[in-house]
Structures are given as C-alpha cells and as structure tokens.
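>>> Turn this into a model:
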Amino acid sequence: MSDEQLMAMISDERRRAADLIESLTPEQLATPSLCGEWTVKQVAAHLIAPFATKRRWFLGVSIRSRFRLHRAIAMLAERIAERPAGEIAAVLRENADRPYKAPIVGFFGQLTDLQIHGQDIRRPLGLPRELHPDRLRVSLDFLVSRRAGGAFVPRGRTAGLRFEATDLEWASGTGKTVRGPAEAVMLALTGRAVVLPELAGEGLPDLRARLATVDSAR
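Residues are numbered from 1 along each chain as shown. Below is the predicted model of the structure:
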C-alpha cells in the first residue's frame, strides 16, 4: 500500500474523529475511556498531540515523567486536554491532510492510533462503532508486525497464539487460536481487556492472563 493511499485513510479518520469530538457533551467528554486512566477528552487531546505540542514542553515533561515514554505521552495529552473540545476538533480538522510519520511506526501507526482511540471513545459512550474493513485489515497486519512491537503491542503478547478475525477472513500467527470480530481482535492486541468476552478459542485464557499482568492499554 502506498503512502498516498495510507494518507487518504488517515485524513478521513481524522475528519471523522473531529466530527465525533465536536458532537460530544461535557458529560460525555468527562467519561472514562478504554485507554488507561484517560477520559474521553484526554484521548481526543492525544490525537492532536503531533500538531499541538510545543517544543519547549518536551524537556519539562521528560523530566517529570522520568523519561518514561508512555507517561510523557499521557502528560502531554492531559495538558492539551485543557483546551475546549471545539478547539481540539478544529485542530484535528485543520491538520487532516498534514503528513505525520512517527518514528518506526510511520503512517501505519498513525492510522492504527486513530482507529483504536476512536473505539476508546465510542465504546464507553455506547456510540455506533463501524470501522472500514480495509483499514481494519491494514491495522491488524501492522499490529502483528515487528514495527508495532513495544509501541502498540508489548513483546511476548502474541507469542504462541494465532489470531483470527471472523468477519474479515484475516488470520496471523501460529499456535492456540484467539478469534472474534476484527475490531475486538484489534483492541485485544492493544490491551483492551473489555473486549475479551467477544472473543473465543483455546488461546483466550493465555491472552487474558497476559493482559491481566500488564497495564498496557495505550
């Protein structure tokens, strides 16, 4: 898949996310998300971090987080979340077509981040959560690749397991099977234990145990 094709998917997902964020009430924005301890609004803020973070923030955040990457990312999201939701949506929409390639994960990571965090917002709010099958397939392929290791999927989580998306005819890995809807597989791979009841297979107990021992929802 070309960078142009990936960027078109990313641009559309950013616009969809902006529309969603703009539609939420203050109560919905304050709802706990599926992403760690973040609220829905903090997840939304994280989506504009590449465009809203000021360079001078990095040193202070790095020191306060003791140079722990995920904690630094969380602190930046919390700071950006001080902005009004309408402003967060506007920044996302204004930068919808702006290329942003994070180190190592590139455009695949950006597309996957948008899809996962969209569900982090929608699921707790009981909102419709349709995802484009072609984009889901791209993200699933990415999540089981080496490029996703560490940033999205901790090393060892998928070892000895075969993941199958029953609605996409997608599968990856060897070993005990974990199967279910593609969206649930994507969320499970990235640490969202809430979707485990939607999955099945002899590998499910192993996956459940691995998610229980790691605070891993990114």
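
>>> Which residue ranges of the chain form helices?
3-23, 26-29, 40-47, 49-52, 57-64, 69-80, 85-94, 106-125, 133-143, 182-189, 204-212 (DSSP state H).

>>> and the direction of the first one versus that of helix 106-125, what angle?
Meaning helix 3-23. 30 degrees (axes from the mean of the first three to the mean of the last three C-alpha atoms, to 10 degrees).

>>> elements contacting helix 3-23?
Judged by 3 or more C-beta pairs under 8 Å, 6 or more residues apart in numbering; DSSP states H and E, the packing partners of helix 3-23 are helix 40-47, helix 85-94, helix 106-125, helix 133-143. From N, CA and C alone the C-beta is placed, and that goes for glycine too.

>>> and those as a markdown table, adding mean pLDDT and distance to Leu207?
Formatted as a markdown table, those follow (pLDDT from 0 to 100; distance: least, C-beta to C-beta, whole Å):
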| stretch | mean pLDDT | distance to Leu207 |
| --- | --- | --- |
| helix 40-47 | 94 | 23 |
| helix 85-94 | 96 | 32 |
| helix 106-125 | 96 | 17 |
| helix 133-143 | 97 | 13 |
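
>>> out of those, deepest packed?
Comparing the helices and strands packed on helix 3-23 by mean neighbour count (mean count of other C-beta atoms under 10 Å), helix 40-47 ranks first with a mean of 26.

>>> and that one, what does it pack onto?
Packed next to helix 40-47, using 3+ C-beta pairs under 8 Å, 6+ apart, are helix 3-23, helix 26-29, helix 69-80, helix 85-94, helix 106-125.

>>> Restrict that helix to CA atoms and write it as PDB.
Provided in PDB are the C-alpha atoms of helix 40-47 (Å, rounded to 0.1, in the frame of the first residue of the first chain):
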ATOM      1  CA  VAL A  40     -12.700  10.700  26.500                       C
ATOM      2  CA  LYS A  41     -11.500  14.300  26.200                       C
ATOM      3  CA  GLN A  42      -7.900  13.300  27.100                       C
ATOM      4  CA  VAL A  43      -8.000  10.700  24.300                       C
ATOM      5  CA  ALA A  44      -9.200  13.300  21.900                       C
ATOM      6  CA  ALA A  45      -6.400  15.600  23.000                       C
ATOM      7  CA  HIS A  46      -3.900  12.900  22.400                       C
ATOM      8  CA  LEU A  47      -5.000  12.700  18.700                       C
END
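
>>> Tell me which residues are up against that helix.
Where contact means C-beta atoms under 8 Å, 6 or more residues apart in numbering, the residues beyond helix 40-47 that reach it are 14, 17, 21, 24, 28-33, 35, 38, 52, 73-74, 76-81, 83, 85, 88-89, 92, 113-114, 117, 120-121, 124-125.

>>> which one of the helices and strands packed on helix 40-47 lies closest to Glu198?
Nearest to Glu198, of all the helices and strands packed on helix 40-47, is helix 106-125, at 10.8 Å by C-beta to C-beta.

>>> follow-up on the earlier one: make TSV out of the helices and strands packed on helix 3-23 and add distance to Asp3.
TSV is the format used below for the helices and strands packed on helix 3-23 (distance: least, C-beta to C-beta, whole Å):
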stretch	distance to Asp3
helix 40-47	20
helix 85-94	20
helix 106-125	6
helix 133-143	13
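
>>> what about those helices, which gets the closest to Ala159?
Per C-beta to C-beta, nearest to Ala159 of these: helix 133-143, 14.1 Å.
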